[in-house]
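Engineer: what's the 3D shape of this:
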Amino acid sequence: MSDRIVIIPTYKERENIEKIIRKVFSLPIEFDILVVEDNSPDGTADIIRGLMKEFSNRLFMEERKGKLGLGTAYIHGFKWALKKDYKFIFEMDADFSHNPDDLLKLYNECANKNADVAIGSRYITGVNVVNWPMGRVIMSYYASSYVRVVTRMKIRDTTAGFKCYRAEVLKAIDLDRIKFTGYAFQIEMKFTAWKLGFNIVEVPIIFTDRTEGQSKMSKGIFKEAILGVIRLRLDSLFRKYRRLEA
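Structural biologist: From the prediction side, this is the model:
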């Protein structure tokens with residue numbers, strides 16, 4: 001059993017899930033994988049169950065009753081990983097928009113340098129996005145700028161979902177107080193870690209839009225992120241951020 005685990009939420013990822021699992025397990029250092037599966041109707045869970053026989057004690061799955069949101073999937077995964085005493089806990093998408101090879105870079109920042117949170121950043125060295133229409137690139141880039149202005153964080157890629165946390169960070173955050181479920185969840189987790197004084201480092205990556213499966217982006221998710229940032233900032237004016245004791 002490794003001290004590193006990659007949490008991958010899934011909903012209708014039949015086309016991608018086996019390939020992403022095999023790719024992670026082929027890396028030169030060992031990572032375990034936890035898939036948080038939201039009752040996909042396309043048989044995603046069946047594929048994972050088959051692979052669990054091949055990758056015993058490295059591949060795990062937590063099945064939920066339905067599509068409950070990205071944020072709750074990760075919170076579920078964080079709590080599971082902390083109970084198992086993993087030291088380095090990663091977030092990664094199933095669709096290869098995040099290159100599994102970059103797990104090594106994120107791990108190096110947290111294990112061998114001084115990062116408490118390492119972010120795979122699309123915008124730290126310009127705009128490193130492949131296969132997105134220009135309108136979506138502009139929307140995403142300026143959404144991150146908007147978040148920086150409102151929250152005052154210095155992070156360039158505030159909505160990034162490819163990350164490594166030291167376990168100490170997740171232990172210090174009251175995960176039950178994290179409110180958002182869509183992309184605003186990614187902002188809220190960064191903001192909370194920043195307010196608690198943890199060292200957040202951005203690592204340049206190239207983000208490649210999915211080529212198989214369906215995007216989970218919706219207008220509701222985008223609206224939550226835009227309005228949620230304002231709420232997050234206002235709430236922070238009346239809240240004292242304290243680290244939970246491990």
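
Engineer: Please report the distance of the closest residue in space to residue 28 that isn't next to it in sequence from residue 118.
Structural biologist: Spatial nearest neighbour of residue 28, excluding adjacent residues (C-beta to C-beta, 6 or more residues apart in numbering): residue 104 at 7.5 Å. Every residue, glycine included, has its C-beta placed from N, CA and C. According to C-beta to C-beta, to the nearest Å, residue 104 stands 11 Å off from residue 118.

Engineer: Which of these two has more residues huddled nearby?
Structural biologist: Using other C-beta atoms under 10 Å, the more surrounded residue of residue 104 and residue 118 is residue 118, with 28 against 12.

Engineer: quick one: the strands in the chain?
Structural biologist: 4-10, 32-37, 59-63, 88-91, 117-121, 129-130, 163-166, 200-204, 207-208 (DSSP state E).

Engineer: rank those strands by mean pLDDT and give me the bottom one.
Structural biologist: For the strands of the chain, the bottom mean pLDDT is recorded on strand 129-130, which sits at a mean of 80.

Engineer: Show residues contacting that one.
Structural biologist: Residues from elsewhere that reach strand 129-130 (C-beta atoms under 8 Å, 6 or more residues apart in numbering): 122, 137, 140, 206-209.

Engineer: wait, what's in contact with the closest residue to residue 62 other than its chain neighbours?
Structural biologist: Distances taken as C-beta to C-beta, 6+ apart put residue 36 closest to residue 62, at 5.1 Å, once the chain neighbours are dropped. Going by C-beta under 8 Å, 6+ apart, residue 36 touches 7-10, 61-62, 64, 73-74, 76-77.

Engineer: Now flag whichever of the residues you listed is closest to residue 44.
Structural biologist: Using C-beta to C-beta, residue 10 comes nearest to residue 44 of the contacts of residue 36, at 5.2 Å.
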